[in-house]
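S.K.: compute the structure for the input listed below.
(2 chains)
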Amino acid sequence: MKNKILIILIIFFFIFCFIVLFKGLNNSNIYIPKLKSEKLLINFKSKELFSEIEISSDKLFIDSDFYILNIWSSWCLPCRDEHKFLMQLNKNSSLMIVGLNYKDKSINAKKFLNELGNPYSTILLDTDGTISIELGAYGVPETFLINDEKKIIKKIIGPINEQLINEINLMIK
Amino acid sequence: MLASQIGYYALIIGLFFSILILPVSIQNFYSNKNLDGRIFSISFLQFFLVFLSFLSLILSFVNSDFSNETVFNNSHTTKPLFYKISGTWGNHEGSLLLWLLVLTFFIFIFLIKSNNQPKKYRILTLLFQQIIIIGFFLFILITSSPFNYLFPVPKEGMGLNPILQDPALAIHPPILYLGYVGSSIIFSASLAGLVQNYISKSWAKHIKIWILTSWVFLTVGIMLGSIWAYYELGWGGFWFWDPVENVSLMPWLCLTALLHCILVLEKRSSLTSWTVILCIATFTLSMSGTFLVRSGILNSVHTFANDPSRGIFILIFLFILILISLVIFFIYHRENTKDVNKIYFFSKETSILINNWFVMYFLSVVLIGTVYPIFLEVMSGEKISIGPPFYLKLMIPFLIFFLLFMSIGPNLDWIKSKNLKIKYQLVLLFIISILISFLILKNKGLTSLNNTVLITAAFYLFSTTLKDFFSERFINYSQRVSHFGFSLLILSILFNSIFSSEIITNIKVGENFFYKGGTIKLVSIENKKVNNYESIIGNFRLIDNNNNLTILKPELRIYNTPNTSTSEADIKTTLFYDKFLVMNLVKGNEYFNIRYQVKYFMIWIWISTLLLALGGTLSVFRRVNEK
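M.R.: Predicted structure coming up:
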């Protein structure tokens, strides 16, 4: 009798392990630090890539439900990889994508967009990288999801992928 | 091209033969004749075909045949020949093929070497082993064939990850696999023994050689990995409690417990069920290790590819094996009632049992530390990582008692120590150990209580094992060498962690950096172009307070295929300490980031591990000669 209970317990234990490991297989290994509190986006001012007019960020983030602020650079290879996902996100009407061009040459940046398409509604220049530092970015590419109250609700370090796109789509539904 | 074809078909025919063994051996199992000669031949053919397949994969690598996907992904024409060959098992597919090769080789050796064992037991072992072998055949053929064909044929390969281009790492996987796979024989043999009710003194005698051999290979394999981490990764340590390191440590701990337990079974025929459980656990842990490392569920240097389908295959396979062993254990296991020997407290058996409990405790700490993050993530979605502090906090207090028991245990007799008068030698040594460790720590200005106690325990073990070398009571050199090696290992690790120092700073050419113990000067920078990488060599002069000059030349290598850079630390090894210097580029800057470490007793860590393995090897040879 005692033996039977033991067997059943052991079997349940292994089934439990199996299920957990099975589910664990599908988790991604990318580590994204959790934002402790939803921070407000800081204000910044910079020149626009094409028009070269100075634009302030508080005039930019006004009439959409959600915004994506994407820090990118033409010399950064992962940016090239994630570009197609940004193009995909661009189809979403409740989302406005703002680019921040990090330590780049304007000619190269324009060439990059000509080649791969332009998902950004506005692109601001961050020639010396200071705006990115103030935003608390770790490097390129980095992406912030911002809501209509200008709160940063998600921060993605590194390139966007299929799975993250799904997550973003869920968040802005 | 041709080689890959041969390799692929050899594998398929090999699978055919390994399935063929099943009916032949089952038929033989029920007949009254001796062991069928055909079983030997088929099992040899199975081994030969896998060997052929492995050989053809090596040939594809040597000839840089990029029509083979595995070669394309992991090799490059400019790579030195040695690393082309070692690249064969430096990737997921090839390493699995190597695993299969060792599996088939070991079962063949087992069949030849087990002549004096009962026939039914041998056939059952073979059958259980075939289940594992067929599982691996299917795994390779279905999810990770090393012979996938690429068309159009690429001109150039992707190159082997440069951090894997290291001599220690070239032989690390084969040696480690010999250890892992050896445990599969132990697993099959214990299940077969259970079914045949053959777990006895003679079984223990016969399986002990396999246990010892796997243990020796596993020890050396882990050591090689650790040497690689120290010299190549440039993290400045030898053990990081990385999940993958833990995964190799767990079967090792289990085997160590088994190694001692089998002695009790051999001499006193008790602890039978515990022995069987350990046999099963060792192999299960090796397999879970494979699962954790290969499925991509954990991220580490060993994760070759994150392909969930592979993970699912190993997971299911692993749980089938666990299920089989559980079913067999519960059906056939019966307490050995007629032969139960009483175990007295002051005896070798008790001390071995205590050793087992301690080892099991360490094992569970490592196991929990390794899998807890996975479970937590699935259950609550939280990501955490568990680092050295967890392991150290949980292990060190118990390590002290473990060391003390280990000092006294081997001095007790089997069954019952009759003359229980206090051995003055042991007490004297204990007092001497306390004094020595206190003096050493006082001298260095570090007299915290736990350090003193820990070093005392380590010294005590050291002195008792040293004393055993000169006593004439037992002629058991292998045990003495291993225990002495272990005490030396613990002592070196302790000194290493207590005394080592580190300096991190940024420095540019011509600059001096002053610190408490001396100065570091970066004299010049030299650029060199070698075959498949470019290197930047820093020329550092270090002068300590006694005006001793050391010149260290760490190197930065920038590989073009694939485009990565590695830092090669420069290490000056002396008998008592290593001077370790590694540099890194600071982006867009003329400064270099350097890390200078003085690491005490590094070389003794390797020497003592070798002693540990040497003890095991001596024991294997003694047992082989006994026959």
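
S.K.: and the residue nearest the centre of chain A?
M.R.: residue A:143 (3.1 Å; Cα atoms, centre = their mean).

S.K.: secondary structure element holding that residue?
M.R.: Using DSSP states H and E, residue A:143 falls within strand A:142-147.

S.K.: find out how far that strand is from the centre of the chain, if you would.
M.R.: 6 Å (Cα atoms, centre = their mean, to the nearest Å).

S.K.: what is the mean pLDDT for the helix or strand containing residue B:619?
M.R.: Assigned by DSSP H and E, residue B:619 belongs to helix B:602-626. Taken as a whole, helix B:602-626 has a mean pLDDT of 90.

S.K.: did I read that right, residue B:180 in a strand?
M.R.: No - counting by DSSP: H, G, I helix; E, B strand; the rest coil, residue B:180 falls outside a strand, being helix.

S.K.: pLDDT wise, what is it at?
M.R.: Looking at residue B:180, its pLDDT is 91.

S.K.: for residue B:589, same thing?
M.R.: 65.

S.K.: now for residue B:36: which residues touch it?
M.R.: Residues counted as contacts of residue B:36 (Cβ atoms under 8 Å, 6 or more residues apart in numbering or on different chains) are B:24, B:25, B:27, B:28. Every C-beta, even on glycine, is put in place using the N, C-alpha and C of the backbone.

S.K.: tell me who's in contact with residue B:166.
M.R.: B:228, B:231, B:232.

S.K.: any part of the helix or strand of chain B with the lowest mean pLDDT near chain A?
M.R.: Here the helix or strand of chain B ranked lowest by mean pLDDT, DSSP states H and E is strand B:564-568, holding a mean of 75. No - using Cβ under 8 Å from any Cβ of the partner chain, strand B:564-568 stays clear of chain A, coming no nearer than 12.9 Å.

S.K.: any residues touching that strand, and which ones?
M.R.: With Cβ under 8 Å, 6+ apart as the test, strand B:564-568 has contacts from B:161-163, B:232, B:234, B:554-559, B:582-585.

S.K.: flag whichever of these scores worst on pLDDT.
M.R.: Out of these, that is residue B:234, at 65.

S.K.: contact partners for residue B:596?
M.R.: Contacts for residue B:596 (Cβ under 8 Å, 6+ apart) come out as B:502, B:503, B:504, B:520, B:542, B:579, B:580, B:581.

S.K.: so which of those reach chain A?
M.R.: Counting by Cβ under 8 Å from any Cβ, no member of the contacts of residue B:596 is near chain A.

S.K.: how about these in JSON lines, adding distance to residue B:275?
M.R.: Below are the contacts of residue B:596 laid out as JSON lines (distance: Cβ to Cβ, whole Å):
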{"residue": "B:502", "distance to residue B:275": "45"}
{"residue": "B:503", "distance to residue B:275": "50"}
{"residue": "B:504", "distance to residue B:275": "49"}
{"residue": "B:520", "distance to residue B:275": "55"}
{"residue": "B:542", "distance to residue B:275": "54"}
{"residue": "B:579", "distance to residue B:275": "47"}
{"residue": "B:580", "distance to residue B:275": "43"}
{"residue": "B:581", "distance to residue B:275": "49"}
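
S.K.: with those residues in mind, which one is nearest to chain A?
M.R.: residue B:504 (20.5 Å; Cβ to the nearest Cβ).

S.K.: return the residues of chain B in contact with chain A.
M.R.: With the criterion set to Cβ under 8 Å from any Cβ, chain B comes near chain A through B:291, B:295-299, B:306, B:308, B:311-312, B:315, B:319, B:322-323, B:326, B:330, B:374-375, B:377-379, B:383.

S.K.: give me every residue in chain A lying close to chain B.
M.R.: A:3, A:7, A:10-11, A:14, A:18, A:20-27, A:29, A:31.

S.K.: and which of these is nearest residue B:457?
M.R.: Checking these against residue B:457 by Cβ to Cβ gives residue A:10 as the nearest, at 36.2 Å.

S.K.: so what pLDDT did the nearest residue to that closest one once chain neighbours are set aside get?
M.R.: In this structure, residue A:10 finds its nearest non-sequential neighbour in residue B:326, 6.5 Å apart by Cβ to Cβ, 6 or more residues apart in numbering or on different chains. Note for residue B:326: predicted pLDDT of 90.

S.K.: name the element residue B:461 belongs to?
M.R.: Assigned by DSSP H and E, residue B:461 falls within helix B:449-470.

S.K.: one step back: could you check the helix holding residue B:619 and say which residues are buried?
M.R.: Using 16 or more other Cβ atoms under 10 Å in any protein chain shown as the burial criterion, the residues of helix B:602-626 that qualify are B:602-606, B:608-620, B:623.

S.K.: and residue 22, what helix or strand is that in?
M.R.: Let's take chain A. Taking DSSP H and E as the definition, one finds residue A:22 inside helix A:2-25.

S.K.: could you do chain B instead?
M.R.: Residue B:22 is part of helix B:2-30 when elements are defined by DSSP H and E.

S.K.: same question for that helix: list its buried residues.
M.R.: B:3-4, B:6-8, B:10-11, B:14-15, B:17-18, B:21, B:24-25, B:28-29.

S.K.: please identify which pair of the contacts of residue B:36 lies farthest apart.
M.R.: Of all pairs in those, the most separated under Cβ to Cβ is B:25 and B:27 at 7.3 Å.

S.K.: quick one: the strands in chain A, in order.
M.R.: A:45-47, A:54-56, A:66-72, A:95-102, A:122-126, A:142-147, A:152-157 (DSSP state E).

S.K.: grab the most central residue of chain B for me.
M.R.: Most central in chain B under Cα atoms, centre = their mean is residue B:222, positioned 3.2 Å from the mean C-alpha point.

S.K.: correct me, but it touches residue B:251?
M.R.: No - with contact defined as Cβ atoms under 8 Å, residue B:222 does not count as touching residue B:251 (9.7 Å).
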